[in-house]
Every structure is written in structure tokens, then in C-alpha cells.
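[1] Just to be clear, the model below is a prediction. Sequence and coordinates:
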Amino acid sequence: GQNIDQPTEMTATEGAIVQINCTYQTSGFNGLFWYQQHAGEAPTFLSYNVLDGLEEKGRFSSFLSRSKGYSYLLLKELQMKDSASYLCAVRSSGGYQKVTFGTGTKLQVIP
Amino acid sequence: IAGITQAPTSQILAAGRRMTLRCTQDMRHNAMYWYRQDLGLGLRLIHYSNTAGTTGKGEVPDGYSVSRANTDDFPLTLASAVPSQTSVYFCASSDEQGNEQFFGPGTRLTVL
């Protein structure tokens, strides 16, 4: 099976940097995803990592260490609109695109 | 339409009734998925389809059925709704690689 852990809630200040961690245990790792979900809305894709290292996309970066079962999402120059839940999801190899989502980290950005 | 749509937006349903949630995408994606999202439990996969004509069970399939008659549509049916099926339901689609799932706006279902 799969187990994904991420903090339930975080608070950060506008303009600052925040790091949201995700640890996972899975058999047959085949990629890790981060999604953003604003309250009452659908999740939207942020990043995909399948190899170790850092992927940068504008103000958002995602890091993966497969040997440690660890990822983080880094948000720079925080804006109020970044207040949302951030979902870590892991794909395992298998007969279909099996993606398991963590319960999400609710980030509140304060002035 | 552009992307993925779901209907209805919300629904209140009496227990024991049959209900079909609709999902349509126009991105020609082969893979489609149904998730439910409950507070504290995150998104859980109900059923999926890798391509038209095929379907499979996800993590929580009991009480739900799906069909995939064509590429664009992937309806989810609750044969006899129960209160534990009260949830927000998201449909999603992706290409064969599945490196990005596109989600519909969701259906908020309440079963009384």
C-alpha cells in the first residue's frame, strides 16, 4: 500500500518563503505530484517529479529524494492568493495510473 | 466547452435513490477518473478508465459503478444512495502518460 504524510496546516507571512514537506512510503514509485486547491474549487496541477532533484517553475519549486521517500514544495515571494491547500500525491507502478493523494496541507498567508 | 465539466454542481438526494453524476471532457484524453473528497481523508479514487470501453476499480469502489462508452464521457452512478456517500465528487482526465490530471469543478452531493 501507500502512506503519505504532510502537515495539516501552516501559516506564513506575505512576501516570505514557505516549505511544505511530504513523506511517503510506496511500492513501485513512479512519480510525485503537487496540486493546489483553493477552498471550494478543484485541484490544479503544480508540479511533477520522477527523478531526484529540484524542479523550478516560477515562484514554485518542488524537490524529490526517492531514497528518502521525501519531497517538498517551496513557495517564494508569498502572495495572499497562495492561501490554499497543497496536495502531495504519489503514483505507483501498476496496471493503471494509480495516484494516491495525501490529505493536504492548508496554507494560510497572513499580511 | 473547454476542459472538463461536471453536472450537476450540487444535489440533495434521498437515501435509496439512484443518481448519475455526469462528466465530459473535450481534451481527447484517454484516461479518466472519479474521486471523492472528504474532510480529513483527502481525495480517494473510486473508479478509473484507461481508455474508452475499459474501466477499473479504485480505492473505494463499493456502491458506485461507471461506464465509458466513448472517449469524452465518464458517468458515475450510485445505484442506491446512502448517507455515507455524502461527499464532493471530482472527475479528472489525463493523457496516457498521466503526468498531469485535469480536474472538473466537482459535484457536491448530500444524501439524507
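    On my side now, so go ahead. Numbers count the residues shown, from 1 in each chain, chains lettered A, B, ... in the order given.

[2] Tell me where the model's unsure across the chain.
    Just so you know, I chose chain A. Along chain A, the parts satisfying pLDDT under 70 run over A:1-2, A:94-97.

[3] could you do chain B instead?
    Counting by pLDDT under 70, chain B shows low-confidence ranges at B:1.

[4] Residue nearest the middle of it, spatially speaking?
    B:W34 (3.1 Å; Cα atoms, centre = their mean).

[5] Spatially, and excluding backbone neighbours, which residue is closest to that one.
    Spatial nearest neighbour of B:W34, chain neighbours left out: B:I46 (4.4 Å); criterion: Cβ to Cβ, 6 or more residues apart in numbering or on different chains. Every residue, glycine included, has its C-beta placed from N, CA and C.

[6] Show me what secondary structure element comes after the helix or strand the one you found falls within.
    Secondary structure from DSSP states H and E places B:I46 in strand B:42-49. Of the helices and strands lying after strand B:42-49 in sequence (DSSP H and E), the nearest is strand B:56-57.

[7] what comes into contact with the strand holding B:I46?
    The contact list for strand B:42-49 (Cβ atoms under 8 Å, 6 or more residues apart in numbering or on different chains) reads A:43, A:87, A:89, A:96-104, B:31-38, B:55-61, B:64-66, B:68, B:74, B:76, B:89-90.

[8] go on, stretch B:72-85?
    For stretch B:72-85, contacts defined as Cβ under 8 Å, 6+ apart pick out B:13-26, B:32, B:34, B:36, B:46-47, B:49, B:63-68, B:89, B:91, B:93, B:109, B:111-112.

[9] For the residue nearest to B:W34, grab the count of nearby residues.
    Number of residues near B:I46 (other Cβ atoms under 10 Å in any protein chain shown) recorded here: 24.

[10] and the closest residue to A:D82 other than its chain neighbours, what does it touch?
    Leaving aside its chain neighbours, A:D82 sits nearest to A:V109 (5.3 Å; criterion: Cβ to Cβ, 6+ apart). With contact set as Cβ under 8 Å, 6+ apart, A:V109 has these partners: A:T11, A:A12, A:T13, A:E14, A:L78, A:Q79, A:M80, A:D82, A:S83.
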